[in-house]
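In: quick one, fold the following:
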Amino acid sequence: MIIIKTEEQINGIRKSCKALAQLFEELKPVIKPGMTTKELDDFCVNYIKKIGGVPAWYSEGFPGAACISINEEVIHGVPGKRIIKDGDLVSMDIGIDLGGYISDSCVTYPVGNVSKENLKLLEVTTQCLYAGIEACKAGKRVSDISKAVFNLARAHNYGVVYDYCGHGVGLGVHEDPSIPNVPERMRPNPRLRAGMVVAIEPMINMGTADVEVKKDGWTVVTADRSVSCHMEHTVAIFEDHTEILSQL
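Out: Numbering: from 1, shown residues only. This is a model prediction of the structure:
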């Protein structure tokens, strides 16, 4: 069931999203070669506790405040002993439960001397995110978002992950509707309405679109171990515009 949010609920979600956007700003100077992903996660935990929130992923049973995915890891990377290296692409997918209102966003950070190929992947994935947001308007359908993301990524011959997708968010971590990045996966295909809050999240691979789950039961990697990139915003749909909630 798709939950249409009230103005009060959107205000609460917006507050949570702004707090998350500030966390991403504070992470920029922190992420450096030599750090472990656990150290990064500890930074996120401390920030979220300081603002009176709770890591949203805890309610899903995930063993961390942040899904930290590096290079061939697509999503749901478990924080641990992996060391961040010069040239890595590090995706930080974080959600905050702030007084019962859920934010969800992902930023991929280029660390140090990143190759031109990987920087291009990051640039195109970011473009895919904003293309999806541009297509996310009241009166359109979810497939319009999917087409915008997919067509742009495929124009660069990248693989578009089809096993995982965006979703409704705000009062729960994962709500209806699903927001696939591949149009053919769009069944059903609801119309977008004012009051909907959704997370749009392109997951774009340098190589194949196929993915696998590692033995930890969480970490999703590209089947060919090519580099992946993940970007995400939470947006609220109004009658006359769509607002990106998870940016300052």
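In: low-confidence ranges in the protein?
Out: 185-186 (pLDDT under 70).
In: in it, which helix is the longest?
Out: Longest helix in the chain by number of residues (criterion: DSSP state H): helix 7-27.
In: centre of the chain to that one, how far?
Out: Here the centre of helix 7-27 is set off from its chain's centre by 14 Å, with C-alpha atoms, centre = their mean, to the nearest Å.
In: what does that helix contact?
Out: Helix 7-27 is contacted by residues 5, 40, 43-44, 47-48, 51, 53, 92, 94-105, 107, 109, 169-171, 195, 197, 234, 236, 243, 245-248 when judged by C-beta atoms under 8 Å, 6 or more residues apart in numbering. Quick note: C-beta positions are derived from backbone N, CA and C, even for glycine.
In: following the chain past it, name the next helix or strand.
Out: Downstream of helix 7-27, the next assigned helix or strand under DSSP states H and E is helix 37-50.
In: what lies in contact with that next one?
Out: By C-beta under 8 Å, 6+ apart, helix 37-50 touches 23, 26-27, 30-31, 54-55, 64-66, 68, 70, 77-82, 84, 90, 92, 94, 96.
In: mark which of those residues are buried, thanks.
Out: Buried members of those, scored by 16 or more other C-beta atoms under 10 Å, are 23, 27, 31, 54-55, 64-66, 68, 70, 77-79, 82, 84, 90, 92, 94, 96.
In: wouldn't P202 be in contact with A153 here?
Out: Yes: the criterion here is C-beta atoms under 8 Å, and P202 meets it with A153 at 6.9 Å.
In: quickly list what's touching both of the two.
Out: Listed as contacting both P202 and A153 by C-beta under 8 Å, 6+ apart are T125, C128, V160, N181.
In: strands - which of those land there?
Out: V160 (DSSP state E).
In: what's the closest of the shared contacts of P202 and A153 to K140?
Out: If you rank the shared contacts of P202 and A153 by distance to K140 using C-beta to C-beta, N181 comes first, at 15.8 Å.
In: related to what we said a few turns ago, which one of P202 and A153 has more residues nearby?
Out: P202 (30 against 27; other C-beta atoms under 10 Å).
In: now the more buried one: phi and psi?
Out: Backbone geometry at P202, expressed as degrees, to the nearest 10, gives phi -60, psi 130.
In: I'd like to know how far it sits from Y47.
Out: 25 Å (C-beta to C-beta, to the nearest Å).
In: how about the helices in the protein?
Out: 7-27, 37-50, 116-134, 142-155.
In: one step back: which of the buried ones among the contacts of helix 37-50 fall in strands?
Out: V54, P55, A66, I68, I70, V90, M92, I94, I96.
In: which two from these end up farthest apart in space?
Out: V54 and I70, at 25.2 Å, using C-beta to C-beta across these.
In: quick revisit: okay, the longest helix of the chain in PDB with CA atoms only?
Out: Presented in PDB, the C-alpha positions along helix 7-27 are these (Å, rounded to 0.1, in the frame of the first residue of the first chain):
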ATOM      1  CA  GLU A   7       2.200  18.000   5.400                       C
ATOM      2  CA  GLU A   8       3.300  17.300   9.100                       C
ATOM      3  CA  GLN A   9       4.800  14.000   8.100                       C
ATOM      4  CA  ILE A  10       6.700  15.500   5.200                       C
ATOM      5  CA  ASN A  11       8.100  18.200   7.500                       C
ATOM      6  CA  GLY A  12       9.300  15.400   9.900                       C
ATOM      7  CA  ILE A  13      10.900  13.500   7.000                       C
ATOM      8  CA  ARG A  14      12.500  16.700   5.700                       C
ATOM      9  CA  LYS A  15      14.100  17.300   9.100                       C
ATOM     10  CA  SER A  16      15.500  13.800   9.100                       C
ATOM     11  CA  CYS A  17      16.800  14.200   5.600                       C
ATOM     12  CA  LYS A  18      18.500  17.500   6.300                       C
ATOM     13  CA  ALA A  19      20.300  15.900   9.200                       C
ATOM     14  CA  LEU A  20      21.400  13.100   6.900                       C
ATOM     15  CA  ALA A  21      22.600  15.600   4.300                       C
ATOM     16  CA  GLN A  22      24.700  17.300   6.900                       C
ATOM     17  CA  LEU A  23      26.300  14.000   7.800                       C
ATOM     18  CA  PHE A  24      27.300  13.500   4.200                       C
ATOM     19  CA  GLU A  25      29.000  16.900   4.300                       C
ATOM     20  CA  GLU A  26      30.900  16.000   7.500                       C
ATOM     21  CA  LEU A  27      32.000  12.700   5.900                       C
END
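In: all good on my end, thank you.
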